[in-house]
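S.K.: just a sequence and a predicted model for now, questions to come.
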There are 2 protein chains.
Amino acid sequence: MTEIAIIGFGTVGSGIAEVIDENQAEIRRELPEGIHVKYILDIRDFPGSPYADRVVHDIDVILNDPEISVICETMGGKEPAFTFSKRALEKGISVCTSNKELVDALGGTLAVIAREHNCSYLFEASVGGGIPILRPLRSSFAQEFITSVIGILNGTTNYILTKMETEDLDFEEALRQAQDNGYAERNPEADIEGYDPCRKIAILASLVTGMNVKYQQVPCEGISKIDKKDLQYARAIGRAVKLLGVCRHDRATNQILVRTAPYMVPKGHPLYSVEDVFNAIMVHGNMVGDLMFYGSGAGKLPTASAVVSDVVECIQNAGKNIDIGLRNQPAVMGDAMAEKVSFFVRVPAEQADKAKTYFGSEIQPVSIGVESEFAFTTPEITEGDFAARIKEFDGAKSIRLL
Amino acid sequence: MTEIAIIGFGTVGSGIAEVIDENQAEIRRELPEGIHVKYILDIRDFPGSPYADRVVHDIDVILNDPEISVICETMGGKEPAFTFSKRALEKGISVCTSNKELVDALGGTLAVIAREHNCSYLFEASVGGGIPILRPLRSSFAQEFITSVIGILNGTTNYILTKMETEDLDFEEALRQAQDNGYAERNPEADIEGYDPCRKIAILASLVTGMNVKYQQVPCEGISKIDKKDLQYARAIGRAVKLLGVCRHDRATNQILVRTAPYMVPKGHPLYSVEDVFNAIMVHGNMVGDLMFYGSGAGKLPTASAVVSDVVECIQNAGKNIDIGLRNQPAVMGDAMAEKVSFFVRVPAEQADKAKTYFGSEIQPVSIGVESEFAFTTPEITEGDFAARIKEFDGAKSIRLL
């Protein structure tokens, strides 16, 4: 048996134990000796749990046991997760994690430490939950230049937008339902303001480019200002509103543009029909074209399954570093203000003529029968130009078109 | 430079040369020494082509060159592709292919030869074109029991069905358009009768179970009998008709059920909105739940890209066998007649009462205003029961519901 430890026995951590127990026979097809959870580190005890006898409260018990080859870090947050992960890697113990906050902040640092100590730092579960996305990106696309990655990366907000769409609810009402159903937290800020998907697109951007993209470098808007009229307008032009993480990589300049924001996605686009708590990530390669990976973006067992897939790979590569391509160099960010985008815009009705003056006669009016406002879509315009013009309008509201 | 050869310089073969030339810089991120196409085997010459000087007509030139580490087999068909592949593998030269006919017929045999000679036989491009599906199945799911794989595996027939749906065409008309647009061959039998997707679901079933499933073991129906009324009926019950490959694997018995047939797929199902020439493969794991992989199922560069991804993996694992899990043992096929399915059925109007007698009062009538026939959906019923009852009806027609 290969001995492993789980540090942080919350939802994902306990899911890992469950996946390993329940699917031990499957794991043994690949690893005939099997995997055994020797320790669980948590500040709590779990009396009555079948794992109670494996609970320890001191990380040194784990780090000083030479039998441990892999640690699953499912504590969340930066500390003590960073220190524990660093110390493990320095001892040659691989670390597999679902902790996107730590991966975004210090993943590059930990990847370098892993390389120096012939072990691995893997984090498939940190993006897209159970969806295999990071491993395909590094193992199936050596021959591709990835020009864009566009994803629905947060199940909570996609659930809220789906509810708003299908039941014609306003944001607050849909949020309440999401909370009642356990899909949104009591403090939903990280989801609805886009911080969670922003971290995930930063991780994807880092892996695609090999450079470190921090979420603080990524312009981020959430969905808390979306109202049901926005969805009605979207429907009127054959689109749906989705919160997207978008990364575009220019082959000539090596510059990247990254953004998290709500977009109106056209019918026929594969992301258009991704509903409820599902996630989907669209990848465009210069040779392979469009690909999409779809699945459960969160949830105990899907996320735990992704962590265990990393554990298996670490064990198969014991004593070696699995190079995830993170080089811990700062990313070359393009000028976000120079990006060209079309916008959907709502302004008060009396500013209709002004809108035509500012945005040109090619704007396309959109009507859902609300007389108090004038809504339209613009041709492609740079972010900078748009920002300069829209600030001349009182009470204006805009959403990008994908 | 790592030297490789391409045998069969048709659409995919020439695409491989193009991917390697165009994206050499990307390939060198993973393989700093790069990849070079030293030989191209074809019966033709290619005067004027930049590759003209590399063309050879004798396989022995390639097999006797100790510099060659990988061969891309893009000849298609069983022979001489099998003999050439076998001889290469016996010399320790890895073979990467898009040749689904050969993989289905003799992939298990070649996989065993590769294992015995410390090289690899990989065929990512044989299923789903550019979609990474075989590699994720073997590298991301060691911890999963895959209970089902359901895919739209043929772009031509999906294009035809999409045309029929969006332009209200009959089958023959849509087929003609597909031929005019180069999406269907002049002899379209392999696509429209389902033989092509049948081979692909057999390959997927083999990889999921580790056992050899031959396409001859897979019940196969195509779409040539689908008419536009079927699509109208499907729409009336919120469904779309898709040609699917379906594989279900039972964990308790290890038995598998595999089938290729048109199905009515409900709105909201991720496969429902897969249109035109795109392919998508849905995988259900007992821990991870539903996942879907979507992309270009055919086409020169996407397919070539998938072959090159295999080449890169072979070079990274030079001197070793990449175990794809194929054990060359016959599959344990379940009783196809015992599978439970719901059906959509059309019978002549005068047999409406008989239908209720034979299929029970729980059948749900479906109407699109065609008075000459009675259409309905059945509750779940075994394939065997259904077959026994439907043969009592003259002029009946049925499609399975997913």
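M.R.: Perfect, I can see it now.
S.K.: name the SS class of the residue nearest the centre of chain A, please.
M.R.: For chain A, the residue nearest the mean C-alpha position is A:Lys200 (2.9 Å; C-alpha atoms, centre = their mean). With DSSP: H, G, I helix; E, B strand; the rest coil as the basis, A:Lys200 sits in helix.
S.K.: which residues touch A:Ile223?
M.R.: Applying C-beta atoms under 8 Å, 6 or more residues apart in numbering or on different chains to A:Ile223 gives the contacts A:157, A:160-161, A:171, A:192, A:194, A:241, A:243, A:262. In short, each C-beta sits where N, CA and C put it, glycine included.
S.K.: strands of the stretch 301-402 of chain A, start to end?
M.R.: A:340-348, A:364-366, A:373-377, A:381-382, A:397-401 (DSSP state E, counting those that start in this stretch).
S.K.: show me what the third one is packed against.
M.R.: Think strand A:373-377. Here strand A:373-377 touches strand A:340-348, helix A:352-359, strand A:364-366, going by 3 or more C-beta pairs under 8 Å, 6 or more residues apart in numbering or on different chains; DSSP states H and E.
S.K.: count the neighbours of the residue nearest to A:Met75 when sequence neighbours are not counted for me.
M.R.: Spatial nearest neighbour of A:Met75, excluding adjacent residues (C-beta to C-beta, 6 or more residues apart in numbering or on different chains): A:Gly8 at 3.4 Å. Residues near A:Gly8, counting by other C-beta atoms under 10 Å in any protein chain shown, number 25.
S.K.: quick check: A:Gly8 touching A:Ile71?
M.R.: No. A:Gly8 is beyond contact range of A:Ile71, at 10.1 Å (criterion: C-beta atoms under 8 Å).
S.K.: ok, and which of the helices and strands packed on strand A:373-377 has the densest surroundings?
M.R.: strand A:340-348 (a mean of 19; mean count of other C-beta atoms under 10 Å in any protein chain shown).
S.K.: now tell me what touches that one from outside.
M.R.: Applying C-beta under 8 Å, 6+ apart, the contact partners of strand A:340-348 are A:229-230, A:233-234, A:237, A:264, A:354-355, A:359, A:363, A:366, A:372-383, A:386, A:390, A:393-401.
S.K.: and it, how far out from the chain middle?
M.R.: 26 Å (C-alpha atoms, centre = their mean, to the nearest Å).
S.K.: and that strand, average pLDDT?
M.R.: The predicted model assigns strand A:340-348 a mean pLDDT of 97.
S.K.: how about TSV for the contacts of A:Ile223, with neighbour count, secondary structure and distance to B:Gln24 added?
M.R.: Shown next, in TSV, are those (neighbours: other C-beta atoms under 10 Å in any protein chain shown; DSSP: H, G, I helix; E, B strand; the rest coil; distance: C-beta to C-beta, whole Å):
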residue	neighbour count	secondary structure	distance to B:Gln24
A:Thr157	30	helix	41
A:Ile160	31	helix	45
A:Leu161	25	helix	42
A:Phe171	20	helix	49
A:Ile192	24	helix	45
A:Gly194	29	coil	38
A:Val241	21	strand	41
A:Leu243	27	strand	37
A:Pro262	22	strand	39
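S.K.: list just the nearest of the residues you listed to chain B.
M.R.: A:Leu161 (15.3 Å; C-beta to the nearest C-beta).
S.K.: so the closest one is in contact with A:Asp230, correct?
M.R.: No. Counting by C-beta under 8 Å, A:Asp230 is not a contact partner of A:Leu161; they are 9.8 Å apart.
S.K.: next SSE after the least confident helix or strand in chain A by mean pLDDT?
M.R.: Using mean pLDDT, DSSP states H and E, the weakest-scoring helix or strand in chain A turns out to be helix A:134-139, at a mean of 92. Next helix or strand after helix A:134-139 toward the C-terminus (DSSP states H and E): strand A:146-152.
S.K.: paired strands for that following strand, with orientation please.
M.R.: Next to strand A:146-152 in the sheet, as set by DSSP bridges, lie strand A:239-249 (antiparallel), strand A:278-285 (antiparallel).
S.K.: strand partners of the helix or strand just after the last one, parallel vs antiparallel please.
M.R.: Looking back up the chat, that one is strand A:278-285. Going down the chain from strand A:278-285, the next helix or strand is strand A:289-296, by DSSP H and E. Using DSSP bridges, strand A:289-296 pairs in its sheet with strand A:278-285 (antiparallel), strand B:289-296 (antiparallel).
S.K.: need the CA coordinates for the last one. CSV is fine.
M.R.: Backbone C-alpha positions of strand B:289-296 (Å, rounded to 0.1, in the frame of the first residue of the first chain) are rendered in CSV as follows:
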residue,chain,number,x,y,z
GLY,B,289,-20.6,12.2,-12.3
ASP,B,290,-21.2,13.6,-15.8
LEU,B,291,-18.4,15.0,-17.9
MET,B,292,-18.5,16.0,-21.6
PHE,B,293,-15.7,16.5,-24.1
TYR,B,294,-16.6,18.5,-27.2
GLY,B,295,-14.8,19.5,-30.3
SER,B,296,-14.0,18.9,-34.0
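S.K.: and A:Pro47, how many neighbours?
M.R.: 7.
S.K.: ditto for the one 10 residues further on
M.R.: The local packing count at A:His57 equals 10, with neighbours defined by other C-beta under 10 Å.
S.K.: show me the contacts for it.
M.R.: A:His57 is in contact with A:41-43, counting by C-beta under 8 Å, 6+ apart.
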